[in-house]
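Asker: Could you look at this predicted model? Sequence included:
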Amino acid sequence: MSTPPFALTIAGSDSGAGAGIQADLKTFSALDVFGTSVITALTAQNSKGVLPGGVEVISADMVVKQLDAVLADIPPVAIKMGMLGSEDIIHALAASLSSQSSCPPIVLDPVCVSTSGSTLLPDSAINSLSTFLIPLATIITPNTAEAKLLADWGDRELASLEDARACAGKLAKLGARWVLLKGGHMPFETNEGKKVVDLLYDGEEEKEYLFERPFINSPNTHGTGCSLSSAIASYLAHGKSVPDAVRLAGDYVAGAIFASYPVGEGAGPINHFFNKISRTIALPTSSSPTPFTDYLINYDPHYARTNSLAAYKSEDMKEMAASTVIVDAVLKETEMHVAFCEKFGISRDQLLAVPESISNVAYNRYVLDTSMKGDLLDCRVVTAPCLIGYGQVGARLVKATDGVDKSGGNPYWSWIAEYGGDWYQGAVKTGIDLLESTLAASPVSPQRLEELAKIFRQATLLEVAFWDAAVAAAASKASEQS
């Protein structure tokens, strides 16, 4: 195996591992770069934020010792800088890097203002950052608040592409050739949905590059700035041009956001290794809230029935509670059927006395066997079709404007109205949410996805046989009476 390129991150540590050094090293690894690090500060933080008093800056001497150790033995071909912590560290790093006979490309994420507007460096340190470090950088990647501060933008908003162009031009005068202004804070509405436009400005050639991609509405965006700048450094380490590195890094971060999963109670991190362990089904988004359910339905045009061991299989109390909602709906559904039959003079005792049909025995046995032998996802899949199918049929018939008799003269209308009503539709939503969250928490291989689809299909075929038996019985009875 050939040795990958080396890249260095100079930044603070995030104990929650969503941003900072941890995010940088994950990004390096994900993009096939060997990462080294110089830690400038320790932070006590998690997905909900930094704890009070939870920042401890490393001494400038120790920062330089770390840098010297890395440069002497594992020289990087690209450097990413993030949180620097103090003016002393800024001066020490500028002096050390300026003294090198040759310095690799530097991607500077000028961490000085949080996205909420809190200042993370004193004014004197910010001036030193602009005066001594930015001129050494190949590209700077400020967030909106940092861009406004460094460009002396004042209280004006960066509300348009024209604003971004003007701000980038001012930032380029600080000395870095390339300026990247990210558009995630101001997505544009288009006929195809919201879009994000990132602006890359080349101050030397006075040329701009625009990178457009769909806006991803996700709560898991902690560390995106760190990850983007380290991804740019990674692609530079692989020999890409700055525009190509920025484009590829943006695509990488967008994919990592899209494939993210919940971590902690606050803003979760991105999924840095999504490109190494591919997700066969995308996570739910605002534009596609039920991708797994859609896949199963599209895999086969029919539906199945029943619900059983999901609560038992789950180890999560919220999921157990949600499963009981579905079970309660099934019990209510059963009582509804009994009451419906009683309207036609068929008593509960008569119903219980009817032998279970062979098709029904086969169907229920398959559901129970699959649920007992399989895991939680098997259980969710084999029991989902009935819930979803009856819900969709009920909703469609309730909304129908013609072809459905909704008067009291239709003996089936009360039955249809129940399936199209709030209580059953609520149970359907709960079931779909559980199905999607179960897969989102445990990505599966393509082979496993195929197994689940086959379970869904088999349950579907047994459901069809169940209804065919009822139709055949009705036809037989009609024939006897004729």
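Answerer: Ah, there it is.
Asker: Show me the residue at the heart of this structure, geometrically.
Answerer: In the chain, the C-alpha nearest the mean C-alpha coordinate belongs to S260, at 3.4 Å (Cα atoms, centre = their mean).
Asker: ok, now which ones touch it?
Answerer: Applying Cβ atoms under 8 Å, 6 or more residues apart in numbering, we find S260 in contact with 218, 220, 268-271, 274, 283. Every residue, glycine included, has its C-beta placed from N, CA and C.
Asker: ok, now how distant is it from T290?
Answerer: Relative to T290, S260 is positioned 18 Å away (criterion: Cβ to Cβ, to the nearest Å).
Asker: Over to M83?
Answerer: Relative to T290, and taking Cβ to Cβ, M83 is found at 39 Å.
Asker: before we move on, what about G420?
Answerer: Taking Cβ to Cβ, one finds G420 at 19 Å from T290.
Asker: out of the two, which sits in the more crowded spot?
Answerer: With other Cβ atoms under 10 Å as the criterion, G420 and T290 differ in neighbour count, and G420 comes out ahead with 20 against 16.
Asker: these two touch, right, the more buried one and G394?
Answerer: Yes: shown here, G420 and G394 form a contact pair, counting by Cβ atoms under 8 Å, at 3.7 Å.
Asker: thinking again about what came up before, quick check: which element contains the residue nearest to the centre of the chain?
Answerer: Secondary structure assignment for S260, by DSSP states H and E: no helix or strand.
Asker: Could you find the closest non-adjacent residue to it?
Answerer: Nearest residue to S260, sequence neighbours excluded (Cβ to Cβ, 6 or more residues apart in numbering): N220, at 3.6 Å.
Asker: Surely that neighbour forms part of a helix?
Answerer: No: secondary structure assignment (DSSP: H, G, I helix; E, B strand; the rest coil) places N220 in coil, not in a helix.
Asker: what sits against it?
Answerer: By Cβ under 8 Å, 6+ apart, N220 lies in contact with 257, 260-263, 267-271.
Asker: Can you flag which of these belong to helices?
Answerer: For the contacts of N220, membership in helices holds for I257, with DSSP state H as the criterion.
Asker: from the contacts of N220, which would you call buried?
Answerer: The neighbour-count test (16 or more other Cβ atoms under 10 Å) applied to the contacts of N220 identifies 257, 260-261, 263, 267-271 as buried.
Asker: picking that back up, mind listing which of the contacts of N220 are in strands?
Answerer: Counted as lying in strands by DSSP state E, out of the contacts of N220, is not a single one.
Asker: now, the most widely separated pair of the contacts of N220?
Answerer: Maximum pairwise distance in these, criterion Cβ to Cβ, is 13.9 Å, between A267 and N271.
Asker: And the strands in the chain?
Answerer: Taking DSSP E as the criterion, the chain carries its strands at 6-14, 34-46, 49-57, 78-81, 106-108, 139-140, 178-181, 188-190, 193-202, 207-214.
Asker: Poorly predicted segments of the stretch 51-200 of the chain, please.
Answerer: Applying pLDDT under 70 to the stretch 51-200 of the chain flags residues 114-119.
Asker: Helices of that one, residue ranges please.
Answerer: Listed in chain order, the helices found in the stretch 51-200 of the chain under DSSP state H, counting those that start in this stretch are 60-73, 87-98, 123-128, 144-150, 161-172.
Asker: Select, out of those helices, the one closest to A362.
Answerer: For A362, the closest of these is helix 144-150, at 61.3 Å, according to Cβ to Cβ.
Asker: how many other residues sit next to the closest residue to L42 other than its chain neighbours?
Answerer: Nearest residue to L42 in three dimensions, chain neighbours excluded: E56, at 4.7 Å (Cβ to Cβ, 6+ apart). Neighbour count of E56, defined by other Cβ under 10 Å: 12.
Asker: Serialize the contacts of S260 to a markdown table and add fields for pLDDT.
Answerer: Listed next are those as a markdown table, based on pLDDT from 0 to 100:
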| residue | pLDDT |
| --- | --- |
| S218 | 86 |
| N220 | 90 |
| G268 | 92 |
| P269 | 94 |
| I270 | 94 |
| N271 | 92 |
| F274 | 83 |
| L283 | 61 |
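Asker: between the residues you listed, which is nearest A11?
Answerer: The nearest one, if we look at these relative to A11 and count by Cβ to Cβ, is P269, at 15.0 Å.
Asker: Skip the chain neighbours and tell me the closest residue to the closest one.
Answerer: Closest residue to P269 apart from its sequence neighbours, by Cβ to Cβ, 6+ apart: G18 at 3.3 Å.
Asker: which residues touch P76?
Answerer: Contact analysis of P76 by Cβ under 8 Å, 6+ apart lists 6-8, 36, 70, 104, 237.
Asker: Could I get the buried residue list for stretch 394-404?
Answerer: Buried residues in stretch 394-404, counted by 16+ other Cβ under 10 Å: 394-395, 397-398.
Asker: repeat for stretch 428-436
Answerer: By neighbour count on 16+ other Cβ under 10 Å, the buried set for stretch 428-436 is 428, 430-436.
Asker: I'd like those laid out as a markdown table, including pLDDT and distance to V111.
Answerer: As requested, these are exported to a markdown table (pLDDT from 0 to 100; distance: Cβ to Cβ, whole Å):
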| residue | pLDDT | distance to V111 |
| --- | --- | --- |
| V428 | 84 | 46 |
| T430 | 85 | 42 |
| G431 | 82 | 44 |
| I432 | 86 | 41 |
| D433 | 86 | 37 |
| L434 | 81 | 40 |
| L435 | 81 | 40 |
| E436 | 83 | 35 |
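Asker: can you redo the residues you listed as a markdown table with distance to S241?
Answerer: As requested, these are exported to a markdown table (distance: Cβ to Cβ, whole Å):
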| residue | distance to S241 |
| --- | --- |
| V428 | 51 |
| T430 | 50 |
| G431 | 50 |
| I432 | 45 |
| D433 | 45 |
| L434 | 47 |
| L435 | 44 |
| E436 | 40 |
